[in-house]
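Asker: Here's my sequence, what's the structure:
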Amino acid sequence: MEKIISTEKIPIKLWLKDVELGALNQVKNLANHTYAFHHIALMPDAHEGFGMPIGGVLATKDVIIPNAVGVDIGCGICAVRTSLKEIPIDTLKGILGIIRRTIPVGFIHHKSKQKNEQMPDPSKYSQKDMPIVNQEYNSALHQIGTLGGGNHFIEIQKGNDGFIWIMVHSGSRNIGFKVASYYNKLAKSLNEKWKSKIPPKWDLAYLPLDSKQGQIYQKEMHYCVDFAFGSRKLMMNRIKEAISPFFDDVVYNDIINIAHNYASQEKHFGEKVIVHRKGATLASAETIGIVPGSQGMKSYIVKGKGNLESYNSCSHGAGRRLGRRQAQRQLNLKSEQKALEEKGILHSIKSKRDLDEAPSAYKDIVTVMSNQRDLVEIIAELSPLAVIKG
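Answerer: Alright, predicted model coming up:
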C-alpha cells in the first residue's frame, strides 16, 4: 500500500502514489457514500471512470450500486497455456486470418444464432425472473463468442515458462450494457423518490438488497457475469480450431478465468458486505488470476496473497494513462507502430484512430506490478506475439 487518505467519512487506501483529479474526486464520493463500509481500496491501475474509478473496490452494507459494477458486467480475462513452444510468423499470420473470420470484432455480431448450450446454465437461472435478460436473450445468441471493441483483445503470447499462451479479454456485450443501464436508471429514479442523500451528480444511486429491484438486479448481473465467461470460452474454442490446421496434437491446459466488473456478497472485517469490483479482480489467497498489459507490454499470471486491506483484490491491468481522444491527439502513429514492430509483434495499430489502444496510452505495467507486490505473486510473464483488437 502506498498511502491512506483520511480526510473523508471513511479512509481511502491507495496502491499508487499519484491519482488523477477526476479519479480522486470519485473515490472521495465513494468514501462519503451513506452505505460505504470500513474503507475504500484503490488499485495501482486506477483512473477516472463513470461514477466510480476504474480500479476501485467498494464494500457496502445493505445496498448494491449498479454503477459501481458498470456497463460491461462480467468483463474479464481468460488464459490458456498450450503445449506449443514456438509458432513461426507465417503460421501466426495464418492463425490470425482464421480467427478474424470466425470471431466477429467491434460492433459486428454473428449472422446466425449460436447454440443455446453456450449460454448460462438454464437450470441455474429462470429467464422469466429476469426481465432484461428475457428481453435480450435472442439478440445475445448472436453476440456470444464475439470480441467487442475498446480495450478488448485476443493475444497469442510467449511465456517465460517456454510455452505459447492464448489470452482473451472481453465482456457481456449488449446484454450487459442493457442490464446495467436499466438498473442504474431505475436506481436513480427510486433514489429521487426516496429523497436519498446521495447527490445525483455522483452517479452512485443504490438499490436495497432486500428490495425486489435489488434482488432482480443481482440475478441479472450474475447472469451477465456467466454470459461473459461463456463468451470467452466460445472464443477460446474458436482460437483452438484456428490453430488445429497448423499443428497436430496440441495439448491445452485448463482455462484460467477472472472477471473484473461485478459485485459479490463476501465477509470482511467481521461483516457480510457487498464488494463491488470495478476494474479490479479477486486476489484471495491462492486464487490464480491474470493481469494483462497493453499490446506491446507483458501480461502476468498471478496468485493472490489474500490481502485483507484490498478486500482480497488486485489490479485488472495496466490502467489508462491517457484518455482515448487524448491518446489519438498526442501519440505519433509511426512511433507507436515502430516500437511494436521492433519487438516483432503482429499488432493492431493500423491508423490514427487506433492510438487509443497504443502501449503509450497505458501506464507502465512493470510499475503497476511493483505497486501490488503485497497483493499478488507473479507465476508467469507472457510477452505478446500477435494481437487482435476490436
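Asker: mind checking pLDDT for M221?
Answerer: Looking at M221, its pLDDT reads 98.
Asker: Which of the three states applies to it?
Answerer: Using DSSP: H, G, I helix; E, B strand; the rest coil, the structure places M221 in helix.
Asker: all numbers from here: first residue = 43
Answerer: Got it, the first residue is 43 from now on, which makes the last one we talked about M263.
Asker: Surely it is in contact with V111?
Answerer: Yes: using CB atoms under 8 Å, M263 is in contact with V111, at 6.3 Å. In this view, the C-beta of every residue, glycine as well, is placed from N, C-alpha and C.
Asker: intersection of neighbour lists for those two?
Answerer: Y304, A305 (CB atoms under 8 Å, 6 or more residues apart in numbering).
Asker: So between these two, which is more surrounded?
Answerer: Using other CB atoms under 10 Å as the criterion, M263 and V111 rank with V111 on top: 29 against 25.
Asker: The more buried one contacts K320, correct?
Answerer: Yes: counting by CB under 8 Å, K320 is a contact partner of V111 at 6.3 Å.
Asker: Kindly point out which residues are neighbours of both of those two.
Answerer: The contact sets of V111 and K320 overlap at N303 (CB under 8 Å, 6+ apart).
Asker: In which helix or strand does L72 reside?
Answerer: If you go by DSSP states H and E, L72 is part of helix 63-73.
Asker: Can you list the helices and strands that that helix packs against?
Answerer: Other elements packing on helix 63-73 under the criterion 3 or more CB pairs under 8 Å, 6 or more residues apart in numbering; DSSP states H and E are strand 45-47, strand 54-56, strand 82-89, strand 96-102.
Asker: mean confidence for stretch 357-376?
Answerer: pLDDT averaged over stretch 357-376 gives 94.
Asker: what's in contact with that stretch?
Answerer: Residues contacting stretch 357-376 (CB under 8 Å, 6+ apart): 57, 85-89, 96-97, 119, 193, 302, 321-323, 333-336, 339, 391, 393-395, 397-398, 400, 402-407, 410, 414, 417.
Asker: try 7 Å this time
Answerer: Identification of contacts with stretch 357-376 by CB atoms under 7 Å, 6 or more residues apart in numbering yields 85-89, 96-97, 302, 321-323, 333-336, 339, 394-395, 397-398, 400, 402-405, 407, 410, 414.
Asker: For that stretch, buried residues please.
Answerer: Residues 357-365, 369-370, 373, 375 are the ones in stretch 357-376 that count as buried (16 or more other CB atoms under 10 Å).
Asker: Keep only those of the residues you listed that are in helices.
Answerer: Among the buried residues of stretch 357-376, the members found in helices (DSSP state H) are A369, Q370, L375.
Asker: Out of those, which comes closest to R143?
Answerer: L375 (26.7 Å; CB to CB).
Asker: need the ones in helices among the buried residues of stretch 357-376 in TSV with distance to V293, can you?
Answerer: Formatted as TSV, those follow (distance: CB to CB, whole Å):
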residue	distance to V293
A369	39
Q370	42
L375	40
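Asker: Filter the contacts of stretch 357-376 down to just the ones in strands.
Answerer: Cross-referencing these against strands under DSSP state E gives M85, P86, D87, A88, H89, I96, G97, A322, T323, V333.
Asker: Reformat these as TSV; add pLDDT, distance to S125 and neighbour count.
Answerer: Formatted as TSV, the ones in strands among the contacts of stretch 357-376 follow (pLDDT from 0 to 100; distance: CB to CB, whole Å; neighbours: other CB atoms under 10 Å):
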residue	pLDDT	distance to S125	neighbour count
M85	98	33	32
P86	97	33	25
D87	96	32	29
A88	96	37	30
H89	95	38	22
I96	97	35	24
G97	97	35	33
A322	98	32	29
T323	98	27	28
V333	98	24	29
